[in-house]
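Participant: Need a 3D model of the following:
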Amino acid sequence: MLDLKFIRENRDRISAAIKNKHEQFSLDQLLQLDEKRRALISQADQLKQDRNKSSALIPQLKKEGNDPKRELARLKELSDRIFYLDAELRDLENEIDYLLLRIPNVPHSSVPVGEDDSANVVIKEWGKIPEFDFQPRPHWETGEMLGILDSARAAKVSGSNFILLVGMGAKLERALISFMLDLHTNKHGYKEVWPPHLVSRQTMTGTGQLPKLEEDMYLCQKDDLFLIPTAEVSVTNMYREEVLKPEDLPIFYCAYTPCYRREAGTYGKDTRGMIRVHQFDKVELVKFVKPETSYDELEKLVADAEEVLQLLELPYRVRLLCTGDLSFAAAKCYDLEVWAPGVGKYLEVSSCSNFEDFQARRINIRFRPQPGAKLELVHTLNGSGLALPRTVIGILENYQTGKGTVRVPKVLQPYLDGLE
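Facilitator: Down below sits the predicted model:
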């Protein structure tokens, strides 16, 4: 969420952000309500001053032997007017808060302006694209040939766009999760957490999934709880309404969770295999940092996610997202995309974003830079380190052999009893 004073003072910049992120929102309505709110506050403050004077005058009149009846009537009239003004002000502030939740974050100045993902900028490519002396198979063919991916039974159990991994497929998934968690906790300095998968509406609103993305979320209506679309939601809200100690920053967490997304509006896209599914595993990285370090921390976050792909020896690229492809809450984002030769394209396996103070303002996470200083909002960041389905796709398609088998990346062999 953006600060109302910031919006008021940067109207053109906010309007450009709304336009460039393809959001539908009129600032005029918000600013008119804000002007009315400030006028009501001024009016209420003046009435409260008058009420205080009237309250002080009544005992003085009694002391002097004068009848306070007239002043008592005036005091009641003032109190009634204040009561109704305060009620009107509360309604107005609720309306303003409703609108504030619908304004996207402002892209960082380094983010390119563009309509869609075609305007994203490739800033790095790593690894050698493999060459085969046979036609590389898509992962669903390899998975079914090896008996490690059973799409038919997944559909029987849950419907389309769900995954059922069997035998070595399940072990590969578990090995990847353990490998990623070990790397991020032992080398990159993240503390592992095991967060809830069901969260409240307030929690989902805090990180920006609601209200915009509610139709993409799985909702348990009886309890008004949402299945998390990413561990970012649970982990970032851990410090909601807290004041952090400056010496504790930065704070780094990593978490493995399943993720649940309805992906409304995407039906018909990538329906085969594991490219686009409703439930998937992911190792998430979350950072709470001081504002002055957040963009350095974003680059480090990207490097942490990249190392997973480098150790797996999977060719990938890094793209800086343009405004039209940037998420509602992010100020800047890099996507990591692994090369999948079987399907002949790059697939996103990680998005690493800096939200600046956008999420922290929604959930009120602050710190005091030094004793006696004014409280400041922290900056929050997160990234996938990595998402599992497309990482598995990368392995199945890049490590396939002409015999229909799949070699195991060296870094995963210790997690699979030395299997090569």
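Participant: Glu376: how many residues sit nearby?
Facilitator: Residues near Glu376, counting by other CB atoms under 10 Å, number 15. (Each C-beta comes from the backbone N, C-alpha and C, glycine too.)
Participant: let's have the chain start at 44 instead
Facilitator: Okay, residue one is now 44; in that scheme the one you just asked about reads as Glu419.
Participant: what bridges to it?
Facilitator: Judged by DSSP bridges, the bridge partners of Glu419 are Phe410.
Participant: which ones are touching it?
Facilitator: Pro334, Arg409, Phe410, Arg411, Pro412 (CB atoms under 8 Å, 6 or more residues apart in numbering).
Participant: could you flag which of those residues are buried?
Facilitator: Buried by 16 or more other CB atoms under 10 Å: Arg409, Phe410, out of the contacts of Glu419.
Participant: Now for the contacts of Glu419: which two are most distant?
Facilitator: Farthest apart among the contacts of Glu419 by CB to CB are Pro334 and Arg411. That separation is 13.2 Å.
Participant: Am I right that Asp176 falls within a helix?
Facilitator: No. Counting by DSSP: H, G, I helix; E, B strand; the rest coil, Asp176 is not found in a helix; it is coil.
Participant: Could I get the pLDDT score of it?
Facilitator: The model reports Asp176 with a pLDDT of 96.
Participant: For the residue nearest to Val454 when sequence neighbours are not counted, give me its contacts.
Facilitator: Spatial nearest neighbour of Val454, excluding adjacent residues (CB to CB, 6 or more residues apart in numbering): Leu354 at 4.6 Å. Going by CB under 8 Å, 6+ apart, Leu354 touches Phe222, Leu226, Pro452, Val454.
Participant: so how far is Tyr233 from the nearest residue to the third one once chain neighbours are set aside?
Facilitator: Distance criterion CB to CB, 6+ apart; nearest residue to Pro452, sequence neighbours excluded, is Leu355 at 4.8 Å. Using CB to CB, to the nearest Å, one gets 18 Å for the distance from Leu355 to Tyr233.
Participant: roughly how far apart are the residue of the chain positioned farthest from its centre and Ser427?
Facilitator: Distance from the C-alpha centroid of the chain, by CA atoms, centre = their mean, peaks at Gly108 (67.1 Å). Using CB to CB, Gly108 is found at 79 Å from Ser427.
Participant: where are the low-confidence patches of the stretch 294-443 of the chain?
Facilitator: For the stretch 294-443 of the chain, the stretches flagged by pLDDT under 70 are 307-313.
Participant: again, only this time at 90
Facilitator: When residues are selected by pLDDT under 90, those of the stretch 294-443 of the chain lie in 306-315, 414-415.
Participant: now the helices for it?
Facilitator: Assigned by DSSP state H, counting those that start in this stretch, the helices in the stretch 294-443 of the chain fall at 337-354, 401-406, 431-441.
Participant: okay, the angle between the first one and helix 431-441?
Facilitator: So the one you mean is helix 337-354. 40 degrees (axes from the mean of the first three to the mean of the last three CA atoms, to 10 degrees).
Participant: and helix 337-354, how far from the chain's centre?
Facilitator: Chain-centre distance of helix 337-354: 17 Å, with CA atoms, centre = their mean, to the nearest Å.
Participant: Okay, buried residues for it please.
Facilitator: So for helix 337-354, counting by 16+ other CB under 10 Å, buried means 337-338, 340-341, 343-345, 347-352.
Participant: which other residues reach stretch 159-169?
Facilitator: For stretch 159-169, contacts defined as CB under 8 Å, 6+ apart pick out 155-157, 349, 352-353, 358-365, 367-368, 377-378.
Participant: Which entries within those residues meet the buried criterion?
Facilitator: Neighbour counting over those (16+ other CB under 10 Å) leaves 155, 157, 349, 352, 358-365, 367-368, 377-378 as the buried ones.
Participant: and stretch 102-114, how far from the chain's centre?
Facilitator: When distances are taken as CA atoms, centre = their mean, stretch 102-114 is centred 61 Å away from the chain's centroid.
Participant: Surely the residue farthest from the centre of the chain is within a helix?
Facilitator: No. Counting by three-state DSSP, Gly108 is not part of a helix but coil.
Participant: Check what pLDDT it gets.
Facilitator: 80.
Participant: show me the contacts for it.
Facilitator: For Gly108, the contact set (CB under 8 Å, 6+ apart) is empty.
Participant: List phi and psi for it.
Facilitator: Per-residue torsions, Gly108: phi 80, psi 20 (degrees, to the nearest 10).
Participant: Quick check: it vs Glu114, distance?
Facilitator: Gly108 sits 14 Å away from Glu114, going by CB to CB.
Participant: try Glu342
Facilitator: The gap separating Glu342 from Glu114 is 67 Å, by CB to CB.
Participant: cool, Gly210 as well?
Facilitator: 87 Å.
Participant: next one: Met317
Facilitator: In terms of CB to CB, Met317 sits 77 Å off from Glu114.
Participant: Compare those two and say which is more crowded by neighbours.
Facilitator: A count of neighbours by other CB under 10 Å puts Met317 above the other of Met317 and Glu114, at 25 against 18.
Participant: The more buried one and Leu192 touch, don't they?
Facilitator: Yes. Met317 is in contact with Leu192 according to CB atoms under 8 Å; the separation is 7.4 Å.
Participant: between those two, what contacts are shared?
Facilitator: With CB under 8 Å, 6+ apart as the test, Met317 and Leu192 both reach His182, Trp183, Ile206.
Participant: For Ser69, state which of those is nearest.
Facilitator: Checking the shared contacts of Met317 and Leu192 against Ser69 with CB to CB, the nearest one is Ile206 at 42.0 Å.
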